[in-house]
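**Student:** mind looking at a prediction? Sequence and model below.
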Amino acid sequence: MSVLAARDLVIDVPGRQSGQVLNLAVEPGQVWGVLGPNGAGKTTLLHTLAGLHPPRAGSVILDETPLARLRRRRIAQRLGVVFQERVDGFPATVEETAMLGRHPYLSYWQRESAEDMRRVQAALERLDVAHLRQRPVGTLSGGERQRVAIATLLTQDPAVWLVDEPTNHLDLHHQSAVMALMREQAAAGRALMLCLHDLNLAARWCSHVLLLYPSGEACWGAAQNMLVPDALERLYRQRLRVVEVDGAPVFVPVNG
Ligand SMILES: Nc1ncnc2c1ncn2[C@@H]1O[C@H](COP(=O)(O)OP(=O)(O)OP(=O)(O)O)[C@@H](O)[C@H]1O
C-alpha cells in the first residue's frame, strides 16, 4: 500500500505549457530518485508532493487521504522535507534546530521531554554534528548545515522523506554515510524520494527512479529499468560510458 501517491498530478512549472500527468505510488521501503537536468522541475515536484506548491491538476495522496484534506500538523508528523537551499529565519543553535523536528508532536504549551532530547542527541550523533550542538547554525559550513538539516529530519522521524539533493555540500565520506542512512530508513519502513544529480548515487542507492525531462515529459519505474544509457543520454543531452563496479552501473560522461 502506498504512503504517498501522485494521482493525475501535473506539476506547475512556470512558463511550461504542458506537463505529463503523473500517476505514481511510493511505498514504504522504497527509495525513489528524481533525476533530470537543471530546471526540469525536480524541486517543483518535491514541493508539490509536500503540499507547499499547488499542482496545476490532480492531487497528492498521503496515507490514502488527499493532502488538501489533512491538517498541516498531521502532514508534518507524516512527511518531512529537506530543501536545497535554506534561509535560517532566526538565530538558533544546532541543538535547537534539530529540536524543531519534534514540534509537530508537541502541543502549543508542551515542553520538550527527555525522550525528545534523546532523539535530538541520537540524530546529531548519527549525522556527526553532536560536537557542534551549541554552535549557531549560521556559523556552520555548507556540509555541516546540510547534516544538521538531515539530523532535524531524522528527529522528526516522518513516514515520508522528501529530500532535495541529500548530498549537497557533503564530502565523499558524508555522502556515503547519508545515503546509507537513507537506505536504512527505507529498510525501517520509511518511504523516500530524493532529487539527485549524481546518476551513480541513484544507481547504487535507489530502488525506483523518476526521469523528468525539461519538456515536462516523465517516466518512472524500477531503477534498473530506468537507468539505461539511451534514456539518460537523452535526458541530459550528454554521451555516457557505462562500466560496472560491484554489480552496479557507473556512468561516466564522455565528450566528443
Ligand atoms: N518563482 C518562479 N518564477 C519563475 N520561474 C520559476 C519559479 N520557480 C521555479 N521556476 C522555474 O521553474 C523551472 C523548474 O524549477 P525547479 O527548481 O523545479 O527545477 P530543478 O529540476 O529542481 O532544477 P535544478 O536541477 O537546477 O535544481 C525552472 O526553469 C525555474 O527557473
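**Tutor:** Looks like it arrived, so ask away. Numbering: from 1, shown residues only.

**Student:** can you count the residues close to the residue nearest to R234 when sequence neighbours are not counted?
**Tutor:** Counting by Cβ to Cβ, 6 or more residues apart in numbering, R234 lies nearest to Y213, which is 7.9 Å off, once chain neighbours are set aside. Every C-beta, even on glycine, is put in place using the N, C-alpha and C of the backbone. Residues within reach of Y213, counting by other Cβ atoms under 10 Å, total 17.

**Student:** hmm, Y213 is touching A40, no?
**Tutor:** Yes: here Y213 lies in contact with A40, judged by Cβ atoms under 8 Å, at a distance of 6.3 Å.

**Student:** how far away is the nearest residue to W220 once chain neighbours are set aside from the ligand?
**Tutor:** In space, and not counting its chain neighbours, W220 is closest to L210: 4.1 Å by Cβ to Cβ, 6+ apart. The gap separating L210 from the ligand is 11 Å, by Cβ to the nearest ligand atom, to the nearest Å.

**Student:** element containing L210?
**Tutor:** Assessed by DSSP states H and E, L210 sits inside strand 208-212.

**Student:** helix, strand or coil for L194?
**Tutor:** strand (DSSP: H, G, I helix; E, B strand; the rest coil).

**Student:** for it, give the beta-bridge partners.
**Tutor:** Listed by DSSP bridges, the beta-bridge partners for L194 are G33, V163.

**Student:** report the contact partners of it.
**Tutor:** Applying Cβ atoms under 8 Å, 6 or more residues apart in numbering, we find L194 in contact with V31, W32, G33, V34, W161, V163, D164, E165, P166, M182, C206.

**Student:** SS state for G221?
**Tutor:** strand.

**Student:** so it sits against H208, correct?
**Tutor:** Yes: using Cβ under 8 Å, G221 is in contact with H208, at 6.8 Å.

**Student:** who has more neighbours out of the two?
**Tutor:** Remark: of G221 and H208, H208 carries more neighbours, 22 against 12, as counted by other Cβ under 10 Å.
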